[in-house]
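**Q** no sequence on this one, just coordinates:
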């Protein structure tokens, strides 16, 4: 019994050591890699559509785009197709174009063609645009070296990244939240000169009492209004 | 020394579960393992490439079967250890690992991370991570089947071990519950 406890302790120490070394090494890689983050401009690489022609992100300027990278042998990606297909009405209603790209060379293992993948697992829908990303685009939008198989970006009509997510099937509610945010942003913000720090004081009955920019300098005015109107 | 009757290969299982302690251990293990495997298999959509929209049924049935078999084997291993019979650890561990592989090694960043830790370049990883991960995605149900088979053979093995223990101990005084039932 004592010997067994000793071996168990060795095993625990070994597992923890491996985890720490792996984590440290990955963090080192991460710090030296360029990650795409919310607010960045979406890199404008060309990609091949499933009809053989070429397109790029700039061709979609003027509409929000859900840019989604998959591998066609990936089970969670197939599940994602089902989930997205069930929500197509929502994307159509909000004018969001869905572009699903097979990552470069299907990451080394050729699955079915992207058009077949979308059709077979996406209820034969024709709304989702399929295509194939080149090597540079795959590496730019995915995080080397810890490549994700199921990574998606919500891109604004001006080409800015609004949201980044992994595993679309399990996170689709966040995508919906992101799209609603865009419409609300446009409604509450002043196109085309979007403000980063804009605030509204809204009455209990839903009326706008005050609009301001830069809340750090406007808190005083807000306090006066609140006190004056007895909110 | 009496020969083991293969007709009664599961007699030990029945006898062990007459004890509340082991029935309780099995129940706790079954529920815990079922929750874990259920989550792993369903969240990773194991089997969707083979069964399409019916993958959920496959995942539910597989979770129940794997959890039942593994819980049974582990409970009997605990009994065997306490009654100084030989345990069957390799098949138990093999079963647990095999059933977990599809959801952990496919469609996650574990494989590319390990390749990166091994010092391989980005271009190598991009070109080859799919070769490894696709095996666990495309053949996910096969790994689940292997896990279930390993657990089943582990169950047979542990039953034989427990039976042998009782058979051996019948020649001398023994306090094992199963031996007392056989007298």
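**A** Received, thanks. The model shown is predicted, which means the values in this text are computed figures rather than measured ones.
**Q** So, low pLDDT: which residues of the chain?
**A** Using chain A here. A:1-3, A:5, A:9, A:12-13, A:15-35, A:145, A:171-186, A:189-198, A:213-231 (pLDDT under 70).
**Q** Chain B was what I was after
**A** Along chain B, segments meeting pLDDT under 70 span B:1-9, B:85-88, B:165-183.
**Q** Which parts of it are helices?
**A** For chain B, applying DSSP state H gives helices covering B:11-16, B:20-43, B:48-51, B:55-82, B:89-105, B:110-117, B:122-138, B:140-169, B:177-182.
**Q** and if you look at chain A?
**A** Secondary structure of chain A by DSSP H: the helices cover A:2-32, A:75-86, A:88-93, A:114-121, A:135-141, A:168-188, A:215-229.
**Q** Can you tell me which residues in chain B are near chain A?
**A** B:43-49, B:52-53, B:55, B:102, B:106-109, B:112-117, B:120, B:122-123, B:125-131, B:133-134, B:137-138, B:140 (C-beta under 8 Å from any C-beta of the partner chain). Where C-beta positions appear, they are placed from N, C-alpha and C, glycine not excepted.
**Q** So what touches stretch A:154-161?
**A** Stretch A:154-161 is contacted from outside by A:36-42, A:44, A:57-58, A:60-67, A:96, A:153, A:162-165, A:175, A:178-179, A:182, using C-beta atoms under 8 Å, 6 or more residues apart in numbering or on different chains.
**Q** tell me which residues in it are buried?
**A** A:154, A:155, A:156, A:157, A:159, A:161 (16 or more other C-beta atoms under 10 Å in any protein chain shown).
**Q** just those now: which is nearest residue A:200?
**A** residue A:156 (21.1 Å; C-beta to C-beta).
**Q** Quick check: phi and psi on the closest one?
**A** When read as degrees, to the nearest 10, the backbone of residue A:156 gives phi -70, psi 170.
**Q** Now residue B:139: closest residue in space, sequence neighbours ignored.
**A** Among residues not flanking residue B:139 along the chain, residue B:102 sits closest, at 7.8 Å (C-beta to C-beta, 6 or more residues apart in numbering or on different chains).
**Q** for residue 125, what are its contacts?
**A** Here I'm looking at chain A. Neighbour list for residue A:125: A:85, A:88, A:118, A:119 [criterion: C-beta under 8 Å, 6+ apart].
**Q** My question was about chain B, not that one.
**A** Listed by C-beta under 8 Å, 6+ apart, the contact set of residue B:125 reads A:144, A:145, A:147, B:112, B:115, B:116.
**Q** how about JSON lines for those, with neighbour count and distance to residue A:199 added?
**A** Below are the contacts of residue B:125 laid out as JSON lines (neighbours: other C-beta atoms under 10 Å in any protein chain shown; distance: C-beta to C-beta, whole Å):
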{"residue": "A:144", "neighbour count": "21", "distance to residue A:199": "39"}
{"residue": "A:145", "neighbour count": "25", "distance to residue A:199": "42"}
{"residue": "A:147", "neighbour count": "27", "distance to residue A:199": "40"}
{"residue": "B:112", "neighbour count": "27", "distance to residue A:199": "43"}
{"residue": "B:115", "neighbour count": "20", "distance to residue A:199": "47"}
{"residue": "B:116", "neighbour count": "24", "distance to residue A:199": "44"}
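**Q** Next, give me the two most distant ones among the residues you listed.
**A** By the measure C-beta to C-beta, A:144 and B:115 form the most distant pair in those, at 10.7 Å.
**Q** For residue B:32, grab the count of nearby residues.
**A** Each residue near residue B:32 was counted by other C-beta atoms under 10 Å in any protein chain shown, and the total is 12.
**Q** er, residue B:51 I mean
**A** Neighbour tally, residue B:51, other C-beta under 10 Å: 15.
**Q** can you tell me how far it sits from residue A:150?
**A** Distance of residue B:51 to residue A:150, computed by C-beta to C-beta, to the nearest Å: 19 Å.
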